[in-house]
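1. model the structure of this input:
(2 chains)
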Amino acid sequence: MIIANNVTKQFGKLKALDSVSVTCASGNCIALIGPNGSGKTTLIKSILGMVTPDSGFITFNGQNILHDWLYREHIGYMPQTGKYPDNMTIGQVLDMMKDIRKNRKRDRLDEDLVNAFDLKGMLHKRMRTLSGGTMQKVSAALAFLFNPQALILDEPTAGLDPVASEILKDKIVTEKTKGKLIFITSHILSELDDLITQVMYMQDGHLVFHNSLEQLRKDTGEQKLSRAIAAYMIKNGQ
Amino acid sequence: MTKIIKYVMTDILRNKIALSYTAFLLAITLSVFNLEDNTSKGLLSLLNISLIIVPLVSIIFSTIYMYNSAEFIELLVSQPLKRRNIWLSLFTGLSASLSLAFFAGVGIPIIIYAGSDTGFIMIGMGLVLSVIFVAIAMLAAVTTRDKAKGIGIAILLWIYFSLLFDGLVLFILFQFEDYPMEKVMVGLSAFNPIDLSRILILLKMDISALMGYTGAIFRDFFGTQTGLTLALLILLLWIIVPVWLSLRKFNKKDL
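-> Now for the predicted structure:
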């Protein structure tokens, strides 16, 4: 569904992405992990067209995303720290996004998270008065709202309370079984165990490995993702 | 595209700075017209005020607005929208709101107190200058990521157009005083939209005689239909070129 081919991106002297090639098929939930500054967010932003790669290309459903914008209709993106116009209320932001994405099949709006997070009761609150967690809830609700084919979640549970993050994880599992492609970056590896099917590990802009979770468990003999990754790193002498 | 313009405009029109800008202009215009019995004298005082304040507020407000909407722009870019449409909507929303503020603050009182040709050309020039400086602000804002630097560039540009440029012209004039410079002056005025609009308004005010021989040359050139059309075209270029340059930069920008 999403194919990146030799994507390279340089910011000044820093090579944020160094010929990264990945193929992601739908129905998978992929964990994108790696230390801070390893290029995870840059990769996500390249897929979204917010960052233009210096070389290499990315295709979405077989079409090159360069100079294209309509493909983003099929992507729901939850940024690391969602920020919205201060003067708008939650209701206005939701309406604006519905307006912009002009969903022709309006009945197919997925308001599960809006309801589960109880956002309906806070529609009149202005964005600048919201706490970081509530802002994350709005971002999450927006990402899932339009029933996209692919979901890109950049540290989705950072800042969410335990109840909300359980709701979100349940939602992710439901969407995965519907055959959607889901990207998650997170530093909390323990919460990824029961969500993901594949693991991508990045370091210094390189894609170190991209494997199914099964394979990784088999190779390392570890059940927990965090231990499996540690074992893999040791085995490969890093 | 109209949707984004609508959101930008409602956002700005609710902004306290934009509202106080309108109120400030209204207060100045009303007091000028109420202090002077002679409306053309009133227009002359208004000319100097609006040629300084309108570009200043337009450029600074728009630059700060662009930096403050960085997150909003980022949000829009991740949606199925063309970057070109996002940028042009922001430009249209900003210039429409600032033009509206100028029209409410200066335009309406002029129509009431001094609805002459001079009054109308002054309203027109104020509106055009608002839009030109929004365009320049957008170019300044897209050039650098650093907010302080961007606002600094905006202020410097305003100083250049309002003060430095006239100094440079004077300097050139004195350096080459042995040569006939009058025709060159007409050409030089095209490089500063504020000067160009000042000339166009002054010529309508029938006080160009005060400007001496150069004034006569200006009158000869800008007084004709071709000269006026050319001047308006140049002002239009002052809008199109910065918007086009900023759009080109924005299309390639990494967010």
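2. around chain A, which positions in chain B sit nearby?
-> Chain B has residues B:3-4, B:7, B:11, B:14-15, B:69, B:71-72, B:74-83, B:252, B:254-255 near chain A, with proximity defined as C-beta under 8 Å from any C-beta of the partner chain. Every residue, glycine included, has its C-beta placed from N, CA and C.
3. what helices or strands is the helix or strand hosting B:Val142 leaning on?
-> Element membership of B:Val142 [criterion: DSSP states H and E] is helix B:117-143. Judged by 3 or more C-beta pairs under 8 Å, 6 or more residues apart in numbering or on different chains; DSSP states H and E, the packing partners of helix B:117-143 are helix B:39-68, helix B:83-102, helix B:108-114, helix B:147-159, helix B:193-204, helix B:225-252.
4. now these as JSON lines including mean pLDDT?
-> Supplementary listing: those in JSON lines, determined by pLDDT from 0 to 100:
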{"stretch": "helix B:39-68", "mean pLDDT": "90"}
{"stretch": "helix B:83-102", "mean pLDDT": "94"}
{"stretch": "helix B:108-114", "mean pLDDT": "90"}
{"stretch": "helix B:147-159", "mean pLDDT": "95"}
{"stretch": "helix B:193-204", "mean pLDDT": "88"}
{"stretch": "helix B:225-252", "mean pLDDT": "93"}
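5. could the ones you listed be laid out in CSV, adding mean neighbour count and distance to B:Pro180?
-> As requested, these are arranged in CSV below (neighbours: other C-beta atoms under 10 Å in any protein chain shown; distance: least, C-beta to C-beta, whole Å):
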stretch, mean neighbour count, distance to B:Pro180
helix B:39-68, 20, 28
helix B:83-102, 22, 38
helix B:108-114, 17, 37
helix B:147-159, 17, 30
helix B:193-204, 22, 19
helix B:225-252, 15, 19
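6. make CSV out of those and add distance to A:Thr129.
-> Converted to CSV, the helices and strands packed on helix B:117-143 look like this (distance: least, C-beta to C-beta, whole Å):
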stretch, distance to A:Thr129
helix B:39-68, 17
helix B:83-102, 24
helix B:108-114, 36
helix B:147-159, 23
helix B:193-204, 41
helix B:225-252, 31
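7. quick one: buried ones out of the residues of chain B next to chain A?
-> In terms of neighbour count (16 or more other C-beta atoms under 10 Å in any protein chain shown), the buried residues within the residues of chain B next to chain A are B:4, B:7, B:11, B:15, B:69, B:71-72, B:74-83, B:255.
8. show me the residues you listed that map onto helices.
-> B:4, B:7, B:11, B:71-72, B:74-77, B:83 (DSSP state H).
9. ok, A:Asp54 touching A:Phe11?
-> No. No contact is recorded between A:Asp54 and A:Phe11 when judged using C-beta atoms under 8 Å, the distance being 9.8 Å.
10. how near is the residue in the stretch 101-250 of chain B that chain A sits nearest to to B:Met66?
-> When you check the stretch 101-250 of chain B against chain A by C-beta to the nearest C-beta, the closest residue turns out to be B:Arg145, at 11.2 Å. B:Arg145 sits 11 Å away from B:Met66 when distances are taken as C-beta to C-beta, to the nearest Å.
11. now residue 191. Nearest residue, chain neighbours left out?
-> Since no chain was named, I'll use chain A. Nearest residue to A:Glu191, sequence neighbours excluded (C-beta to C-beta, 6 or more residues apart in numbering or on different chains): A:Thr157, at 6.3 Å.
12. not what I meant, chain B
-> For B:Phe191, the closest residue by C-beta to C-beta, 6+ apart turns out to be B:Phe165, at 7.3 Å.
13. residues in contact with that neighbour?
-> Contacts of B:Phe165 were listed using C-beta atoms under 8 Å, 6 or more residues apart in numbering or on different chains, and they are B:191-192, B:194-195.
14. biggest separation within these, which pair?
-> Using C-beta to C-beta, these reach their maximum pairwise distance at B:Phe191 and B:Ile194, which is 10.5 Å.
15. still on that earlier bit, lowest-confidence entry in the ones in helices among the buried ones among the residues of chain B next to chain A?
-> Sorting those by pLDDT puts B:Glu71 at the bottom of the list (81).
16. what helices or strands is the one helix or strand A:Glu166 maps to leaning on?
-> Secondary structure assignment for A:Glu166, by DSSP H and E: helix A:162-177. Judged by 3+ C-beta pairs under 8 Å, 6+ apart, the packing partners of helix A:162-177 are helix A:112-116, helix A:132-145, strand A:150-154, strand A:181-185.
17. next, format the ones you listed as CSV and append distance to chain B and mean pLDDT.
-> Listed next are those as CSV, based on distance: least, C-beta to the nearest C-beta, whole Å; pLDDT from 0 to 100:
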stretch, distance to chain B, mean pLDDT
helix A:112-116, 17, 89
helix A:132-145, 9, 91
strand A:150-154, 9, 92
strand A:181-185, 13, 92
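18. now the ones you listed as JSON lines including distance to A:Lys40 and mean neighbour count?
-> Putting these into JSON lines (distance: least, C-beta to C-beta, whole Å; neighbours: other C-beta atoms under 10 Å in any protein chain shown) gives the following:
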{"stretch": "helix A:112-116", "distance to A:Lys40": "23", "mean neighbour count": "17"}
{"stretch": "helix A:132-145", "distance to A:Lys40": "17", "mean neighbour count": "23"}
{"stretch": "strand A:150-154", "distance to A:Lys40": "8", "mean neighbour count": "23"}
{"stretch": "strand A:181-185", "distance to A:Lys40": "5", "mean neighbour count": "24"}
